[in-house]
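**Student:** next input, structure requested:
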Amino acid sequence: MKRRNPEYARQLLLRIGLGGVAYLVLAVILLASSQPVGVAFFGVALVLYVFDVVYGDRRLAILSGRPLKPPWTGSNTSSAQVLADVPLKAGAQVALQAVTVVGKRRATLVSDWEAVSWIGYFWTNIPRLQEYQVDVFVSEGANGGTLFTCSARPRRVMSWGGITQSQKLVAGLVQEIERLTSKGDS
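**Tutor:** Model prediction:
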């Protein structure tokens, strides 16, 4: 049986706990003002919040080990490909360096062929400030080269905007991949 990632369990409990505390505070306020319908409404909102945390948060999905849809899919996603003349075996390290520079936070290799990092703030849904998944997927390209698929998308599956910021992040990834794989750096 596969063990859960302790960081996943901690993050999940933190988010659900914060939602529960907020619900309890609102419930006490509404019950004190004789508004039982409001308590029921916020109870439904709490259930939807927990569902969104468990199934709508891409970072928690990666921590849990659940398979995700390819990073170049989904709403408000941008992607671009870069073909470079570097060995396929070196591609993952180039990808990791690129997402570290562009994403700046929690850069990791999630597989032998994919590097992920994060940038932005979790607590907002303002498109230019919200948290984004910055991703580079490495595959075999034409003529023995390496194909880097750079993508960026909002952390939340149900994000209401962010395509412009995703495009800017992908442009930064492409520029960084090109810089790292240029002949001058080799």
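
**Student:** tell me the SS of the most far-flung residue of the chain relative to its centre?
**Tutor:** Distance from the C-alpha centroid of the chain, by C-alpha atoms, centre = their mean, peaks at residue 34 (41.2 Å). With DSSP: H, G, I helix; E, B strand; the rest coil as the basis, residue 34 sits in coil.

**Student:** gap between it and residue 45?
**Tutor:** Relative to residue 45, residue 34 is positioned 20 Å away (C-beta to C-beta, to the nearest Å). The way it works is simple: take the backbone N, C-alpha and C, and place the C-beta from them, glycine included.

**Student:** same question, residue 116
**Tutor:** 30 Å.

**Student:** same check, this time on residue 89
**Tutor:** Distance from residue 89 to residue 45, by C-beta to C-beta: 49 Å.

**Student:** quick one: low-confidence ranges for the chain?
**Tutor:** For the chain, the stretches with pLDDT under 70 are 1-4, 66-68, 125, 183-186.

**Student:** what ranges does it have for its strands?
**Tutor:** 78-84, 105-111, 114-119, 132-140, 146-154 (DSSP state E).

**Student:** re earlier: which one's more surrounded, residue 89 and residue 45?
**Tutor:** Between residue 89 and residue 45, counted using other C-beta atoms under 10 Å, the more crowded position is residue 45 (14 against 10).

**Student:** now that one: closest residue in space that isn't a chain neighbour?
**Tutor:** residue 23 (7.8 Å; C-beta to C-beta, 6 or more residues apart in numbering).

**Student:** compute the number of surrounding residues for that neighbour.
**Tutor:** The number of residues near residue 23, taken as other C-beta under 10 Å, comes to 18.
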